[in-house]
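K.L.:
kindly generate the corresponding structure for this input.
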Amino acid sequence: MATGTESTGFAIHPMDQFVVRPLFSDAPIQWYTVTNVTLWLAIAVLCVLALMVFGTNRRAMIPCRSQSLAELAYGMVYNMVEEVTGREGIKYFPYVMTLFLFVLFANLLGLIPASFTTTSHVAVTATLALIVFLSVTILGFVNKGPGFLKMFWVESAPLPVRPVLAVIELISYFVRPVSHSIRLAGNLMAGHAVLKVFAGFASMAIISPVAVGAVTAIYGLETLVAVVQAYVFTILTCVYLRDAVGENHH
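P.N.:
Numbers count the residues shown, from 1 in each chain. Now for the predicted structure:
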């Protein structure tokens, strides 16, 4: 018996856009399989290279659009690193800049029709967050040695409470990559799912004008979310980096 969806021909599957599919075969996906995720991750990397290498190679006194965008991103991230981490964190600016541009382009590329939003997958965002977490932790011990552990010992608190706070601080520290990754993936997945639902309603003649207006508004909102989430991911990276290169404030 045909269902109502099948009889009307109208169906909305907002989560289909997040399915990982191989590009060149129908074989089961292995670690070496080239998928839609691989493709759009590579495109994001190429966009970063295009902006920062080819877009600024002339370095004209009167900048072109690509050079203006590159200089704007450079100045914003540089100021962010300097203000959050201090002068000691400036040496890690290239890493933070690369991370910001990669996440930004991955977010924005996902707004292209028929594309794939790589940063909507926790596997991608968790990898980025774990790299930040491990890098900051290793850097903290390299710079401060065992003194890095002082960040878990709240010296301003009464002595009997300090062990409890130390456990809480330790747990919150190891939860960082979880919150760091889920925040980015969750926001993008939710927004794209809502966008797909309203785009499906746009095919219905009765509510099409309202749905088209809603899709336009949501698309604009998702563009803003893509930029904001890249900024949030980057500034959190700077906050974590400050623990490794700055002075402990407890």
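K.L.:
and Phe105, how far from Thr38?
P.N.:
Relative to Thr38, Phe105 is positioned 15 Å away (criterion: C-beta to C-beta, to the nearest Å). Quick note: C-beta positions are derived from backbone N, CA and C, even for glycine.
K.L.:
now for the helix or strand where Ala123 lies, which elements pack on it?
P.N.:
Using DSSP states H and E, Ala123 sits within helix 122-144. Counting contacts by 3 or more C-beta pairs under 8 Å, 6 or more residues apart in numbering; DSSP states H and E, helix 122-144 packs against helix 93-109, helix 162-201, helix 208-245.
K.L.:
one step back: looking at Phe105 and Thr38, which one has more neighbours?
P.N.:
Neighbour count, other C-beta atoms under 10 Å: between Phe105 and Thr38, Phe105 has more, with 23 against 16.
K.L.:
who are the contact partners of that one?
P.N.:
Shown in contact with Phe105 (C-beta atoms under 8 Å, 6 or more residues apart in numbering): Ala44, Cys47, Val48.
K.L.:
need the residues you listed in TSV with distance to Phe133, can you?
P.N.:
Formatted as TSV, those follow (distance: C-beta to C-beta, whole Å):
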residue	distance to Phe133
Ala44	21
Cys47	26
Val48	22
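K.L.:
ok, and the most crowded of the residues you listed?
P.N.:
Ala44 (22 neighbours).
K.L.:
against Gly220, how distant is that residue?
P.N.:
When C-beta to C-beta is applied, the distance between Ala44 and Gly220 equals 21 Å.
K.L.:
cool, Ala126 as well?
P.N.:
29 Å.
K.L.:
of those two, give the one with the bigger neighbour count.
P.N.:
Ala126 (18 against 10).
K.L.:
ok, and the closest non-adjacent residue to that one?
P.N.:
Setting aside the residues directly before and after it, Ala126 is nearest to Ser181 in space (C-beta to C-beta, 6 or more residues apart in numbering), at 4.2 Å.
K.L.:
ok, that neighbour touching Val132?
P.N.:
No: applying C-beta atoms under 8 Å as the test, Ser181 and Val132 come out as separate, 9.5 Å apart.
K.L.:
list the buried residues in stretch 229-248.
P.N.:
Applying a neighbour-count criterion of 16 or more other C-beta atoms under 10 Å, one finds 229-238, 240-246, 248 buried in stretch 229-248.
K.L.:
now stretch 144-153
P.N.:
With burial defined by 16+ other C-beta under 10 Å, the residues of stretch 144-153 counted as buried are Lys144, Phe148, Met151, Phe152.
K.L.:
model confidence over it, on average?
P.N.:
Taken as a whole, stretch 144-153 carries a mean pLDDT of 86.
K.L.:
what distance separates the start and the end of it?
P.N.:
Using C-alpha to C-alpha, to the nearest Å, the end-to-end distance of stretch 144-153 comes out at 15 Å.
K.L.:
list of residues touching it?
P.N.:
Outside of stretch 144-153, the residues within contact range by C-beta under 8 Å, 6+ apart are Gly140, Phe141, Arg162, Ala166, Glu169, Leu170, Tyr173, Asp243, Ala244, Asn248, His250.
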